[in-house]
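Peer 1: coordinates only, no sequence provided:
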C-alpha cells in the first residue's frame, strides 16, 4: 500500500504520518509514503517503509501531477489556508483551497488506466451556517458564513462529483474544531479555544475573547488523526453518493471547557485565563455551530472523545508527557 | 440603468432581452444593454436604449473584464453548458459553469471603486439530490447527482461568498425545469418534458422515455424571464446571507402534463406521443425532485404559473400566436 499525504508539514499531517509509522495500517501494510507540503516536510527516520518528502504547491498545477505519479492507494488531502487567513486574503484562500484541491483531483483523474484511489479530504464544520437546529445533522444545508467554509463546501462538492464519476473514491470529513492544538497558535479564528487550555497548562496566560456560554464542537488532534486513518480503509459503497460526513466530537461551552481545565490542572491554571472581550471574534463565533447529530459517522465507525476532560487528557498525554506533569 | 446579459443568445437570454425592450424596467429605465454570448447575439432593433452585442467566452478570463468595463448596474449570468452536455463532457462543463462563473465574478470584483452590481445567476433545482421529502424546502441539502448540478451548486456558493464580502450583490435563482422550451431540443436531459408538449402542438410525433407517474417541477420560459426581471430589482437586504432561492413552479406528473395537453389541444395531439422507455433517461429522472415548498420565493414576490394548463397556454401565446391555432 502506497500513501500520499498532501499538507504533511501541518500539525495534523505530521501527527498522521507519525501514527502511520507507529501503528496504523489503513487497509494493509504500508510500502511507501510520500509527504508533501509547501515546504519540504521533515523525514520520518523511524519508518519501516520507504518515505519521500517533497515540496509542492497545490496552487501550481504543474507540480501536482508528480505527487500521484506512483499511483498512491490512499491520498490524504489536508492542505489548506486556514479560516482567519482565508478571510484576510481572499485570493490566497481560493487559490489553495479551491484551485489547489481541483488540481489534486485533476492529477488523480489524469493518471487514468482505472486508477481510482481512496481520497480522504479534511473538510470542516465551517461549511455550515446559521440558523442551526438544536442538533445539526449531516443534512443541514451548507450555507457557510466565511470564505474558508465556502471553499471547503466547494471542495466537498468536487470530491463527491469526482467520486460519482469514478475518477476517485473520495470521502470528505467535516472535522470539528481541533482542540487542543499544540504549539504556536495558527491563523484560525478558532485558535483561542486551544490557547485557553494549552497556555495555562504550561503556566502561561491566555486571552479569552468570548463569553463563557459560547458552545462549540471539538475533537482532539488524536481523534482527528483517528478519523483520517479510519476513513482511509472505509468501504466506499457504505458511503453511497453522499461523500461528506460530519465527524463526531464533544459539544462544550467555554465554561465547561474551563471546568474541565480546573478538574485536571487546578484553579491556579484557570486563573491564567484573562477575559478580554473582542467584538470581531464574538461576531464570528456567533455564527459557529454548537452540537451535531453524527449518527451517520458513528455508524460508519468513526470515534471521538466522550467529554472535554478526555480531550485535555489526550493533549497532556500526547504533548506534555502525561497528566501528572500538569496537575497543579 | 445599464444591463449586461451573459448568455444572451440562449433561449432565456433572448427572451429576457426582448422583455426588457418591451416593458421591463428592473429598478429604473434602461440606458444601455450589453448582450454577450459565445456567438454574437442578434441585435435588438426595437430597443429605445443603446445596445451592444458581443461575442465573449466566459472560460477565457481575458475576454470577461471587457464585459463589465462600463459598470453595468445589473448583470444577468445565464451562460451555461446544460445538463446532458456537462455530463458528457466533464471538462467543458467545469470550464464554463465553474471557471466561467468565477471569471465573471472576478471581473466584477476587479472593477473596484465601490462597484457592487446586482448579479442574477440562473441556478437550477439540479443542485438538489435524493432522498427527497414530500415537499423540498430551500434548506434541503445541495447534494447534486450530476456534474451540472455540482457546477451550479459551486457557483451558488461563490455568488454567496462574493456577496457576503461585498464584491457584488448576488442572487441565485434555482430555476425549475423550463417547459415548454420552444424550437429545437437542446442537450438538456430534461428535454423530453418539452418535446411531448411542443411537438404534438405542431402536429409532430414526440418520444416519451419515462413512465407517466414521473413527477417533476416546471415553469414556463415566460415565468423564468419574470423571475430574472424580479430578481434584478429585489432588495438585497431582504435576502440576508442565503443568496440562493428556489423558484416557484408547477408540480406535475407526466400523466398530468398529458391530461393538460388533451384539454387544450385534443386527443389527436396526445396520440402523437410515442412511448419508448429509455433506461438511461429513467435512471437520471429517478433522482430528480418533484415538488418544492417555495414560500421564501413567494414572500420575496416571485410568481409562476398555477397549473400545467397555464404553462401550455403561455407557450401557445408566446410561440404559436395563441391557443386557438393549436386546438384540434
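Peer 2: Everything's here; your move. These numbers were taken from a predicted model, which means no experiment stands behind them.

Peer 1: how near is the closest residue to residue A:177 other than its chain neighbours to residue A:176?
Peer 2: In space, residue A:177 comes closest to residue A:190 once its chain neighbours are excluded; the distance is 4.7 Å by Cβ to Cβ, 6 or more residues apart in numbering or on different chains. Where C-beta positions appear, they are placed from N, C-alpha and C, glycine not excepted. To residue A:176, residue A:190 is 10 Å away according to Cβ to Cβ, to the nearest Å.

Peer 1: between the two, tell me which one has more neighbours.
Peer 2: More neighbours surround residue A:176 than the other of residue A:190 and residue A:176, with 28 against 24 (other Cβ atoms under 10 Å in any protein chain shown).

Peer 1: what sits against that one?
Peer 2: Counting by Cβ atoms under 8 Å, 6 or more residues apart in numbering or on different chains, residue A:176 makes contact with A:125, A:217-219, A:224, A:247-250, A:292, A:304.

Peer 1: show only the entries of these found in helices.
Peer 2: Counted as lying in helices by DSSP state H, out of the contacts of residue A:176, are residue A:224.

Peer 1: which two from the contacts of residue A:176 end up farthest apart in space?
Peer 2: For the contacts of residue A:176, the farthest-apart pair by Cβ to Cβ is A:224 and A:292; their separation is 14.9 Å.

Peer 1: and stretch A:129-140, which residues are buried?
Peer 2: For stretch A:129-140, a neighbour-count test (16 or more other Cβ atoms under 10 Å in any protein chain shown) marks A:129, A:136, A:138, A:140 as buried.

Peer 1: can you confirm whether that stretch lies near chain B?
Peer 2: Yes. Stretch A:129-140 comes into contact with chain B (Cβ under 8 Å from any Cβ of the partner chain), by way of A:129, A:138-140.

Peer 1: save these as CSV, and put in pLDDT and secondary structure too.
Peer 2: What follows is the residues of stretch A:129-140 next to chain B, written out as CSV (pLDDT from 0 to 100; DSSP: H, G, I helix; E, B strand; the rest coil):
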residue, pLDDT, secondary structure
A:129, 92, coil
A:138, 87, coil
A:139, 89, coil
A:140, 93, coil
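
Peer 1: check those residues and tell me the two furthest apart.
Peer 2: By the measure Cβ to Cβ, A:129 and A:138 form the most distant pair in the residues of stretch A:129-140 next to chain B, at 14.9 Å.

Peer 1: for chain A, which segments count as strands?
Peer 2: When assigned using DSSP state E, the strands of chain A occupy the ranges A:2-6, A:32-37, A:50-55, A:74-77, A:118-124, A:169-175, A:177-178, A:206-208, A:215-219, A:244-246, A:250-253, A:273-275.

Peer 1: could those go into TSV alongside mean pLDDT, distance to residue B:12 and mean neighbour count?
Peer 2: TSV is the format used below for the strands of chain A (pLDDT from 0 to 100; distance: least, Cβ to Cβ, whole Å; neighbours: other Cβ atoms under 10 Å in any protein chain shown):
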stretch	mean pLDDT	distance to residue B:12	mean neighbour count
strand A:2-6	97	41	25
strand A:32-37	97	45	24
strand A:50-55	97	48	15
strand A:74-77	98	37	26
strand A:118-124	98	34	27
strand A:169-175	98	33	25
strand A:177-178	96	43	24
strand A:206-208	95	53	18
strand A:215-219	97	42	22
strand A:244-246	97	32	25
strand A:250-253	98	46	20
strand A:273-275	97	56	15
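
Peer 1: let me have the ones you listed in a markdown table, extended by distance to residue A:197.
Peer 2: Listed next are the strands of chain A as a markdown table, based on distance: least, Cβ to Cβ, whole Å:
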| stretch | distance to residue A:197 |
| --- | --- |
| strand A:2-6 | 27 |
| strand A:32-37 | 26 |
| strand A:50-55 | 31 |
| strand A:74-77 | 26 |
| strand A:118-124 | 20 |
| strand A:169-175 | 18 |
| strand A:177-178 | 12 |
| strand A:206-208 | 8 |
| strand A:215-219 | 10 |
| strand A:244-246 | 23 |
| strand A:250-253 | 11 |
| strand A:273-275 | 9 |
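
Peer 1: any idea how far residue A:171 is from residue A:227?
Peer 2: For residue A:171, the distance to residue A:227 under the criterion Cβ to Cβ works out to 10 Å.

Peer 1: to clarify, my last question referred to residue A:61.
Peer 2: When residue A:61 is compared with residue A:227 (using Cβ to Cβ), they lie 28 Å apart.

Peer 1: and residue A:129, by the same measure?
Peer 2: As defined by Cβ to Cβ, residue A:129 lies at a distance of 22 Å from residue A:227.

Peer 1: now do residue A:65
Peer 2: Shown here: residue A:65 relative to residue A:227, a distance of 28 Å by Cβ to Cβ.

Peer 1: of the two, who's got more company?
Peer 2: Here residue A:65 and residue A:227 are compared on neighbour count by other Cβ under 10 Å; more neighbours surround residue A:227, at 26 against 16.

Peer 1: got the contact list for the more buried one?
Peer 2: Contacts were defined as Cβ under 8 Å, 6+ apart; by that measure residue A:227 touches A:173, A:175, A:219, A:247, A:302, A:304.

Peer 1: go again using 6 Å as the cut-off
Peer 2: When contacts are counted by Cβ atoms under 6 Å, 6 or more residues apart in numbering or on different chains, residue A:227 touches A:173, A:247, A:302.

Peer 1: who does the first one form a beta bridge with?
Peer 2: What that stands for is residue A:173. Applying DSSP bridges to residue A:173 yields these beta-bridge partners: residue A:122, residue A:245.

Peer 1: equivalent analysis for residue A:37, please.
Peer 2: Under the criterion used (DSSP bridges), residue A:37 bridges to residue A:55.

Peer 1: rewinding a little: let me have the buried residues of stretch A:129-140 in a markdown table, extended by distance to residue A:104.
Peer 2: Putting these into a markdown table (distance: Cβ to Cβ, whole Å) gives the following:
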| residue | distance to residue A:104 |
| --- | --- |
| A:129 | 26 |
| A:136 | 28 |
| A:138 | 24 |
| A:140 | 27 |
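
Peer 1: between those, which is nearest residue A:266?
Peer 2: Distance to residue A:266, by Cβ to Cβ, is smallest for residue A:136 among the buried residues of stretch A:129-140, at 34.1 Å.
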